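>>> model this:
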Amino acid sequence: MDAFIKGIVVFNRRGEKQFVPLDRGLNIISGNSKTGKSALMDIIDWCLCAEICTIPKGVIYDFTDMYILYMHIKGKEILFCRDTPKLNKKQIIIQQLENEIRIEDLTKDMIDAGRLSIEKALEKINSIIFPSSNDLFDTIVSNSIRLSINDTLGFLFQQQDIISSKKVLFGKKVIKNAFPIYAGWYPLKYYNLLKEKEQIDKDLRALEKEKTNVLEFNRTLEQMLRNSLESFFDLLSKPLSKDLSFSSILKLAQSSLDYKEEEYDLSIQSHIIELESQRDELISQYEKLEKQEKELKGYSSTGVEYATMVSKYSSRANELEKLLEGKNIYNCPLCQQQTKELTPNALKIKEGTRLLINELSRIPDNMSSIKKLQTTLGGQKVDVGTSIKQINNLLRTKKELLKKIINGKNLNELRFRQKMKVISCLEFYSEKKKVYDEDLLAKKQARADFLSEVLSSYDPENKYLKEQMIIENRCNLIMDKLDYEHKPSNVSFNLNPTSQCMVFKQKIQGFGTITLSEMGSASNALACHLGITLSLLSYFTSKKDSIVPSFLFLDQPSQVYFQNGKDDTDLLEVINIYRQLLFEIKRIKEESGIEPQIIITDHIIDFGDEVQNEFARYFRTDWREGRKFINIAN
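Numbering: from 1, shown residues only. Coordinates of the predicted model:
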C-alpha cells in the first residue's frame, strides 16, 4: 500500500512544537544516545491506535500534550493526533487534510477538536486503507471483528533489541492467519469470515463439551432415579426390566406416587398376651395337681407298708396271746416281758394298741378312696395339660400370624420408605436436571457449515506456496549481499498458518536446517532481519491491494558493528547495509511505481570522506552537542 510518514510532531500545552520531517526513500535520524531516536517508533505506534502507550517516561513524555503523525495514505494527507495518556487514553483525532502542508507549518490551531473513540477511529482508517469489499461478504459476515493499520506494524518495526535478535523476528505481534489480508489477496471481510469461523468452532467445542457435561450430569440423576425405582419394585416383587427407556422409568416413578401404605390390625398381640396369661395359670394349676398327685402317691405307699407291718404284728401278737392265754401269762406292752398280771397302765396301753391295730388294719380298706382321688387328680391333670397344649398350639398359630403381620408391616414400611426415596429422586431430577440448548448448537453448526462452504471457494494453500517462494527468493538475494556467513543463503519463511508460520530457517549443506537462534553471530541475525523485512517491504509495496504501509523503521542497525568501537572493516559493512537499503528502495520503485520509505535511527553520522556525500542528503537530524528531539524546556 502506498503509505509513508511525512513527519512526526509533538506539541506541549503552550502550543510549542518539536518535529521530525520525513520523506519517501531513505531517512536517517542520527544522534547520540538518549536524544529521543527510539521514542519515535513508540510515538508512531501510539498515534496508530495502540492500546498501550510505550513512549518512555521522561523528557518527551513530560513535554508533550499531543502527539501527531502526518502520513500520506493512498493519495490522502492524514493526521493522526493523540493526546498524551495523562490526558486522554481512549480517544484520537483522525483528520484528513484538503491540501498537503509542510510539517514545519503545522500548528496546534490547525488540529480539529473532534475526537473519536478508538473503535470509531479504526473504522475511519479502515475505510481509507482497505479496498472496497465484496457485497456478498457484507451480508454474511459480522463486522465486529477488525484488523487495523496498527496490526501491520509487526512487519514495519525493527526495534533496537529486535533487529539483531536471535530469539524473535518481529518486535510486535503479527497475526499469522491475516497474511492474505495484509497482502491484499482477499478483502477484509475474508479475515472477519475466518475469525467468525474460528470463534464459532471454539463455541461449538464449548457447546459440545457443555453437552457432554449436561448429558453426563443428567445421566447420573437418571441412574439415581432408576436405581431407587428398581429397589422399590424389588420390594413389590415386581423386578424392572433393564431395557426400559428412561421415559418409561419416569412414568413408573410418577405412578409410584399412587402407592399407599397398607394398614395392619395388631390386636392379635393382646390376644396372644391373654392366651399366654391363661397358659401360665394352667401351668400353675398343672403343677399343683402334680404336687397333689405326688403327695397321694406317697400316702398310698406309706399306708400299704404300715398295713402290712400291722397285719404281721397283729398276727404274731394274736398267736402269742393265744399261747399265753392258757398259761395265764401276759406280754407287757411296756417292757415286752411276760408277766402274770398287767398294771393298769399296761392294760390301757394294750387296749390302745388293740384299737390302733384295729384302726391300722383298716388301711387297706381306705386305699380305694385314695386311688379314686389319684384318678381324679390324674384326670384333672390330663385336662389341664390338654388345655395347655391347645393354648400352646393356638399361641403358635397366633405368633406365626403375628410374625407374618409384623414382617408384612416391616416390608410395607420398607416399601413406603423406598417410595419416598423414589419421590425424592424424582423431585431432585426435576429440579436439578440440566437443559441443553440443542437449537443453539444446531444454529451454530449450521453457521459453521455455511462459513466452511464460503471459505472453501478460496484456495489460500496454493497461494501461500507461490507467494512464499517470491518472498524467500527476494530474501536470499538480499542476504547474499550482506555480512552473512551461510552463503549462498537458502532461507525458508513459511506463510501457512497451519504449520510453523513465519519462522525463519536456513538450509545449510552438511548441517541440515537451522533456525534463527542457531545462526551464530549478531551480524548473521542482523542479515536475517534485514533480509526478511526488506523482502516483505518489497512484496507488500508491489501488491496493489495490500494494507501494509510502504515504510520500514529500523532502529540502530549499526549497533552490531559499533558496540566495541569501529574499524575500517566494520564501517565498510555498515556502508554496505546502507547501500543495500538504497538499492532496494530504487528497485522497488522501478518494479512497483511506488518509492517505499525506510526510516533509520542510528548513531552514525560519518561514513568517511569518500562516501559521505553518497548519504548526506538522507540525514534528517543530527542530535549531538546538546541537540535532541525535545530542545525546549517544559
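>>> gap between the nearest residue to residue 88 once chain neighbours are set aside and residue 45?
Residue nearest to residue 88 in three dimensions, not counting chain neighbours: residue 115, with 7.3 Å by Cβ to Cβ, 6 or more residues apart in numbering. No exception for glycine: its C-beta is placed from N, CA and C like everyone else's. Distance of residue 115 to residue 45, computed by Cβ to Cβ, to the nearest Å: 19 Å.
>>> All the helices of the stretch 101-250 of the chain, residue numbers only.
Here the stretch 101-250 of the chain has its helices, by DSSP state H, counting those that start in this stretch, at 118-129, 135-140, 153-156, 179-182, 188-235, 246-255.
>>> Pull out the buried positions in stretch 13-27.
Neighbour-count burial for stretch 13-27, counted by 16 or more other Cβ atoms under 10 Å, picks out 16, 17, 18, 19, 20, 21, 22, 23, 24, 25, 26, 27.
>>> Walk me through the domains of the chain.
3-186+458-623, 268-414 (automatic domain parsing).
>>> And those domains: which comes nearest residue 441?
domain 3-186+458-623 (19.0 Å; Cβ to Cβ).
>>> and the closest one, how far out from the chain's middle?
Per Cα atoms, centre = their mean, to the nearest Å, the displacement of domain 3-186+458-623 from the mean C-alpha position of its chain is 42 Å.
>>> Including mean pLDDT and distance to residue 424, could the domains of the chain go into JSON lines?
Compiled in JSON lines, the domains of the chain are given as follows (pLDDT from 0 to 100; distance: least, Cβ to Cβ, whole Å):
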{"stretch": "domain 3-186+458-623", "mean pLDDT": "90", "distance to residue 424": "47"}
{"stretch": "domain 268-414", "mean pLDDT": "71", "distance to residue 424": "15"}
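>>> Figure out which of the ones you listed is closest to residue 436.
Taking these one by one with Cβ to Cβ, domain 3-186+458-623 is closest: 24.8 Å.
>>> distance between the biggest helix by length in the chain and the chain's centre?
Ranked by residue count under DSSP state H, the longest helix found in the chain is helix 363-432. Chain-centre distance of helix 363-432: 63 Å, with Cα atoms, centre = their mean.
>>> Tell me which helix or strand comes right after that helix.
helix 438-455 (DSSP states H and E).
>>> just the angle between that next one and helix 188-235, please?
Put simply, helix 438-455 runs at 150 degrees to helix 188-235, going by axes from the mean of the first three to the mean of the last three Cα atoms, to 10 degrees.
>>> which other helices and strands contact the helix or strand just after helix 438-455?
On the C-terminal side of helix 438-455, the closest following helix or strand by DSSP H and E is helix 460-479. The contact analysis (3 or more Cβ pairs under 8 Å, 6 or more residues apart in numbering; DSSP states H and E) places helix 460-479 against helix 179-182, strand 491-493, helix 522-542.
>>> now do 6 Å
strand 491-493, helix 522-542 (3 or more Cβ pairs under 6 Å, 6 or more residues apart in numbering; DSSP states H and E).
>>> what pairs with residue 66 across the strands?
residue 11, residue 83 (DSSP bridges).
>>> Show me which parts of stretch 75-92 are buried, residue by residue.
Using 16+ other Cβ under 10 Å as the test for burial, stretch 75-92 gives 77, 78, 79, 80, 81, 82, 83, 84, 92.
>>> which pair in these spans the largest distance?
With Cβ to Cβ as the measure, no two of the buried residues of stretch 75-92 lie farther apart than 77 and 84, at 23.7 Å.
>>> Can you pull out the residues in contact with stretch 215-226?
246, 249, 253, 425, 429, 433, 434 (Cβ atoms under 6 Å, 6 or more residues apart in numbering).
>>> roughly how far is that stretch from the heart of the chain?
For stretch 215-226, the distance to the chain centre is 20 Å (Cα atoms, centre = their mean).
>>> For residue 561, give me phi and psi.
Main-chain dihedrals, residue 561, degrees, to the nearest 10: phi -100, psi -20.
>>> Quick one: neighbours of residue 199, just the number.
Using other Cβ atoms under 10 Å, residue 199 is surrounded by 15 other residues.
>>> Please renumber the chain so that the first residue is 55 from this point on.
All right, first residue 55 from here; so that's residue 253.
>>> list the contacts for it?
Taking Cβ under 6 Å, 6+ apart, one finds nothing in contact with residue 253.
>>> go on, the one 5 residues further on?
For residue 258, the set of contacting residues under the criterion of Cβ under 6 Å, 6+ apart consists of residue 498.
>>> Assign a three-state SS to residue 133, would you?
strand (DSSP: H, G, I helix; E, B strand; the rest coil).
>>> brain fart, residue 77
Assignment for residue 77 (three-state DSSP): coil.
>>> Look up phi and psi at it.
Torsion angles, degrees, to the nearest 10, at residue 77: phi -150, psi 180.
>>> What of the one 10 residues further on?
With angles defined as degrees, to the nearest 10, residue 87 shows backbone torsions of phi -60, psi 150.
>>> Name the nearest residue to it, sequence neighbours excluded.
Counting by Cβ to Cβ, 6+ apart, the residue nearest residue 87 is residue 657, at 7.5 Å.
>>> how many other residues sit next to the one you found?
Neighbours of residue 657 using other Cβ under 10 Å come to 15.
>>> Please apply the same query to the one 10 residues further on.
Other residues near residue 667 number 9, with proximity taken as other Cβ under 10 Å.
>>> ok so it is a helix residue?
Yes. With three-state DSSP as the criterion, residue 667 is part of a helix.
>>> Residue 481 versus that one, what's the distance?
From residue 667 to residue 481 the distance is 94 Å (Cβ to Cβ).
>>> Work out for me the element residue 629 sits within.
Assigned by DSSP H and E, residue 629 falls in helix 622-646.
>>> Mind listing what's buried along that helix?
Buried residues in helix 622-646, counted by 16+ other Cβ under 10 Å: 624-625, 627-629, 631-632, 634-635, 638-639, 642-643, 646.
>>> Return the list of helices and strands in contact with that helix.
Using 3+ Cβ pairs under 6 Å, 6+ apart: helix 622-646 touches strand 79-85, helix 576-596, helix 613-616.
>>> do you know which of those lies nearest residue 55?
Using Cβ to Cβ, the nearest of these to residue 55 is helix 576-596, at 7.0 Å.
>>> Distance of the nearest residue to residue 156 once chain neighbours are set aside relative to residue 575?
Distance criterion Cβ to Cβ, 6+ apart; nearest residue to residue 156, sequence neighbours excluded, is residue 75 at 8.0 Å. For residue 75, the distance to residue 575 equals 36 Å [Cβ to Cβ].
>>> Spatially nearest residue to residue 432 (excluding sequence neighbours)?
With Cβ to Cβ, 6+ apart, the residue lying closest to residue 432 is residue 347, at 6.5 Å.
>>> quick revisit: gap between the residue nearest to residue 87 and residue 667?
Distance, residue 657 to residue 667, by Cβ to Cβ: 20 Å.
>>> correct me, but the residue nearest to residue 142 touches residue 147?
Yes. Between residue 169 and residue 147 there is a contact at 5.5 Å, judged by Cβ atoms under 6 Å.
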